[in-house]
Each structure stands twice: as C-alpha cells, then as structure tokens.
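**Student:** have a look; sequence and predicted model below, questions after that.
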Amino acid sequence: MSQLTEVAANPYADELAAAKKAVSLAARLCQRVQQGILQSDIQSKADRTPVTVADYGITSIGKSGPEEGITFSLLFSMVAEEGFRRLRKDDAQQILEHITSLVNETIANDDSYNMSLSKEDVLAALDGGKSEGGPSGRHWILDPIDGTKGFIRGDQYAVALGLLDEGKVVLGVLGCPNLPSKSTNKHNGSSSGDQVGSLYFATIGCGAKVQALEGSEPQKITICSVNNPVDASFFESLEHSKRDLTSSIAEKLGVQAPPVRMDSQAKYAALAQGDGAIYLRFSGKGYKERVWDHAAGSIIVTEAGGMVKDASGNDLDFSKGRYLDRDRGIIATNRYLMPMVLKAVQEAIEEEQ
Ligand SMILES: Nc1ncnc2c1ncn2[C@@H]1O[C@H](COP(=O)(O)O)[C@@H](OP(=O)(O)O)[C@H]1O
Ligand SMILES: [Mg+2]
Ligand SMILES: [Mg+2]
Ligand SMILES: [Mg+2]
C-alpha cells in the first residue's frame with residue numbers, strides 16, 4: 001500500500017506510529033526498572049522511588065520524540081497522572097539525575113533517537129503534562145505505569161497512551177511487557193512457549209492489532225465470540241474490585257470458571273485478544289475512575305469487536321476532563337454477552353442495596 005493510501009485509510013497513521021514508538025521505548029525503560037526492583041532486597045521494595053523514576057522517565061520520553069518525521073510536538077497536551085512540581089525542588093536533584101540517565105540509556109539503545117536529554121530537557125518535557133483533557137481539541141492521555149502494584153510485584157502492568165480528539169478516544173496503544181500475545185490463561189508472565197511482551201494498538205475504524213514489543217509483523221486481534229455465559233470467563237482487578245458484587249454477577253450469569261485477576265489495562269488487552277470473555281470493573285462506592293486508566297484499553301477492545309459500557313449500558317464519556325463521567329462500574333465484553341451481563345449487573349446492584 002502506498003503511503004498516501006495508508007494515510008487515507010487511517011487518518012491517525014502518523015500519530016499511531018509515533019505513539020507506538022514512544023510506548024515501546026517506555027516499556028523498555030520499565031523493564032529495566034522492574035528488573036532492578038525484583039532484584040532488590042525486601043526493604044528497598046517498599047521504596048517508591050523506582051516507580052517515580054520510571055513514571056517520570058516515561059513521561060519525558062513521551063514529550064520528547066525523534067527530531068525527524070512526525071514528532072511529539074503533536075502532543076498538544078497530556079493528562080499525565082503524576083505531578084511534577086516536586087522535581088523542581090533542590091532535594092530532588094538526585095532523582096532528576098537518575099531519571100535523566102535512565103531516559104538517555106533507553107534512547108541511546110534506539111537507532112531513531114539521535115539525541116540525549118539534559119536535566120532541563122527532562123523538566124521541560126515533564127512541565128508539558130498539564131492538560132485537563134475535555135471535549136475540544138486533541139489531548140494525549142498517558143498513564144506511564146498502569147498497574148503500579150503489579151509492576152512492583154513483578155506481575156502485569158501496562159504503559160498506556162491514548163489520543164482524545166474532540167472528546168472521543170481515537171487511538172490507543174498499550175505496552176504490556178509481561179503479557180503473552182497468544183491465547184493463554186497463565187497471565188503472570190510465566191507461561192512457556194508464548195511470546196511474552198506485547199504491544200497492542202488500535203485507531204478508530206481500523207481494528208486492533210498486536211505485535212511483539214521487540215517488533216514483529218502486526219496481527220489483527222478479535223474478541224472471543226462466546227455467546228453462552230456458561231462458557232465465559234471473566235477478568236477483574238487484583239487490587240481494586242468489589243469481589244462480592246462481581247461474584248454475584250458471575251453467579252447470575254452462570255459463569256463456571258473462576259475469575260482471572262490481573263493488574264492494569266493488560267486486562268483490556270487480554271480481553272481484546274480473546275483470552276477471556278468479560279471484564280467487570282466495580283470499585284468501591286465513590287471511587288471516580290480516571291480517564292488514563294481506560295482510554296487506551298477501551299478503544300483496543302472496541303476495535304477488536306467488543307463493547308465497553310457503564311453499569312447502565314451507556315458508552316464511556318471521556319470528554320469530561322480527568323474523570324470518567326459514568327454510572328457505577330465498567331463492563332467490557334462482546335456484543336452477544338453484553339445484554340445478559342448488563343441485566344445481571346443491574347440485578348446484582350439492586351440486591352446489594
Ligand atoms: N480504590 C480504587 N478503585 C478503583 N481503582 C483504583 C483505586 N485506587 C486506584 N485505582 C486505579 O486502578 C488502577 C490500576 O488498575 P487495576 O486495578 O485494574 O490494576 C490504578 O492505576 P495506577 O496503577 O496507574 O495508579 C489506579 O488509578
Ligand atoms: Mg540513539
Ligand atoms: Mg493507572
Ligand atoms: Mg500509573
């Protein structure tokens with residue numbers, strides 16, 4: 001396909017290429033940091049500095065980008081999760097040095113980045129992350145490390161980057177360093193044989209694909225076509241799930257398999273590639289879901305042929321700023337199961353009250 005046809009077919013092709021590049025680099029940076037955490041002793045595991053360093057490092061990669069071709073000057077703004085003011089303080093110099101060298105080591109290993117960043121460059125890059133999102137214009141939505149708890153434990157986590165255009169998510173990339181790209185029920189990075197470390201991506205109207213993080217020919221992914229809940233399995237968060245409610249929903253549906261509990265938006269990726277049939281997200285009452293925890297994952301699922309709804313069956317609304325404006329709970333599944341799951345959800349919620 002000529003470049004012109006490709007651009008015509010996918011109006012976000014350039015942004016997608018840039019986002020994939022940034023997320024792959026960020027995932028590489030994460031892998032280095034995670035190895036360091038896992039090798040460290042128990043005492044230093046409680047120290048959050050490595051996570052902070054990786055979060056900041058990734059964000060500054062996102063805001064830098066290669067000089068030639070499409071660059072992240074397209075990053076009009078970012079809804080970045082972490083606050084950066086702290087880094088400007090004198091006592092943060094050591095951390096800032098650490099971040100800068102980590103970023104430079106990561107990009108030095110990549111042929112397309114012929115540059116290195118100074119501490120000032122890193123601060124300037126991080127200062128860009130001040131968007132509040134919203135219904136107009138373009139906003140990149142970044143969660144540098146999603147599933148922090150899984151990251152520290154050595155389990156699943158994701159680097160998540162989405163693009164919001166006029167209030168709608170139009171592009172999503174998920175880097176999942178510990179997720180096998182082939183169908184398997186062993187999601188904790190230990191399954192043998194499968195390629196572990198996957199990059200998932202989707203642009204609106206163009207389907208969802210996966211490739212190896214190290215690079216490989218992209219493969220189209222599709223959500224599973226199970227239409228009987230008895231044959232379905234469901235994902236839920238390992239750390240943030242109202243298990244009494246999700247088990248009541250599963251029981252009403254007649255789901256037989258035990259829940260697959262996993263950290264991060266790797267759940268959306270696993271669902272999109274057909275590893276399971278349903279993702280139920282019900283957090284404690286009053287918790288407001290953040291857009292960066294769902295932007296990339298939800299478009300990957302919908303482009304893989306699935307649906308993502310709130311507990312009342314409404315589409316998720318990403319146009320309201322940092323928080324998702326939604327009725328309780330998020331449900332992702334295929335179009336056959338969605339009506340049944342929504343019915344079970346409503347009954348379970350009613351019984352709970
Ligand atoms: N009480 C809570 N209920 C629901 N989600 C929560 C929560 N506390 C934190 N989270 C969010 O859940 C995300 C992780 O998703 P999961 O639970 O699927 O692993 C966290 O992202 P971070 O790890 O980026 O902070 C955080 O934003
Ligand atoms: Mg280089
Ligand atoms: Mg998150
Ligand atoms: Mg995070």
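**Tutor:** Cool, the structure landed. Numbering: from 1, shown residues only. Ligands and ions are numbered 1, 2, ... in the order given.

**Student:** how about the residues of the stretch 51-200 of the chain that lie near ligand 4?
**Tutor:** 143, 145-146 (Cβ under 5 Å from the ion). From N, CA and C alone the C-beta is placed, and that goes for glycine too.

**Student:** ok, and what's touching the helix or strand hosting residue 279?
**Tutor:** In the assignment (DSSP states H and E), residue 279 maps to strand 278-281. Identification of contacts with strand 278-281 by Cβ atoms under 8 Å, 6 or more residues apart in numbering yields 229, 232-237, 240-241, 246, 249-250, 255, 267-268, 271, 289, 301, 329-333, 337, 341, 345.

**Student:** pull the distance from it to the chain's centre.
**Tutor:** 15 Å (Cα atoms, centre = their mean, to the nearest Å).

**Student:** quick check: the gap between the residue in the chain that ligand 3 sits nearest to and residue 269.
**Tutor:** With Cβ to the ion as the measure, residue 146 is the residue of the chain nearest to ligand 3, at 3.6 Å. Computed as Cβ to Cβ, to the nearest Å, the residue 146 to residue 269 distance reads 11 Å.

**Student:** on that earlier part again, give the partner strands of the strand holding residue 279 in its sheet and their orientations.
**Tutor:** strand 234-237 (parallel), strand 330-333 (antiparallel) (DSSP bridges).

**Student:** which helices and strands does the longest helix along the chain pack with?
**Tutor:** The longest helix of the chain (DSSP state H) is helix 13-39. Contacts defined by 3 or more Cβ pairs under 8 Å, 6 or more residues apart in numbering; DSSP states H and E place helix 13-39 against helix 3-9, helix 49-63, helix 93-108, strand 138-146, helix 148-153, strand 158-165, strand 168-180, strand 196-203.

**Student:** list the buried residues in it.
**Tutor:** Of all the residues in helix 13-39, those buried under the rule 16 or more other Cβ atoms under 10 Å are 13-16, 18-31, 33-34, 37.

**Student:** and if you look at stretch 143-161?
**Tutor:** 143-153, 155-161.

**Student:** does that stretch come close to ligand 1?
**Tutor:** Yes. Using Cβ under 6 Å from any ligand atom, stretch 143-161 comes into contact with ligand 1 via 143, 145-148.

**Student:** in the stretch 101-250 of the chain, what spans have low per-residue confidence?
**Tutor:** By pLDDT under 70, the weakly predicted segments of the stretch 101-250 of the chain are 128-130, 182-194.

**Student:** which parts of it sit against ligand 3?
**Tutor:** Checking the stretch 101-250 of the chain against ligand 3 by Cβ under 5 Å from the ion, the hits are 143, 146.

**Student:** can you list the residues of the stretch 101-250 of the chain near ligand 1?
**Tutor:** Checking the stretch 101-250 of the chain against ligand 1 by Cβ under 6 Å from any ligand atom, the hits are 143, 145-148, 237, 239-240.

**Student:** can you lay out those residues as TSV showing distance to residue 136?
**Tutor:** Formatted as TSV, those follow (distance: Cβ to Cβ, whole Å):
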residue	distance to residue 136
143	22
145	29
146	26
147	30
148	31
237	32
239	34
240	31
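
**Student:** which one of the residues you listed is nearest to residue 259?
**Tutor:** residue 237 (9.9 Å; Cβ to Cβ).

**Student:** for residue 9, see how far away the residue nearest to the closest one when sequence neighbours are not counted is.
**Tutor:** Among residues not flanking residue 237 along the chain, residue 281 sits closest, at 6.5 Å (Cβ to Cβ, 6 or more residues apart in numbering). Residue 281 is 32 Å from residue 9, where distance means Cβ to Cβ.

**Student:** the two - which one has more neighbours?
**Tutor:** Ranked by neighbour count (other Cβ atoms under 10 Å), residue 281 and residue 9 place residue 281 first, with 24 against 12.

**Student:** ok, the closest residue to ligand 1 within the stretch 251-353 of the chain - contacts?
**Tutor:** Of all residues in the stretch 251-353 of the chain, residue 283 sits closest to ligand 1, at 3.2 Å by Cβ to the nearest ligand atom. Residue 283 sits next to 237, 240-242, 289 when contact means Cβ under 8 Å, 6+ apart.
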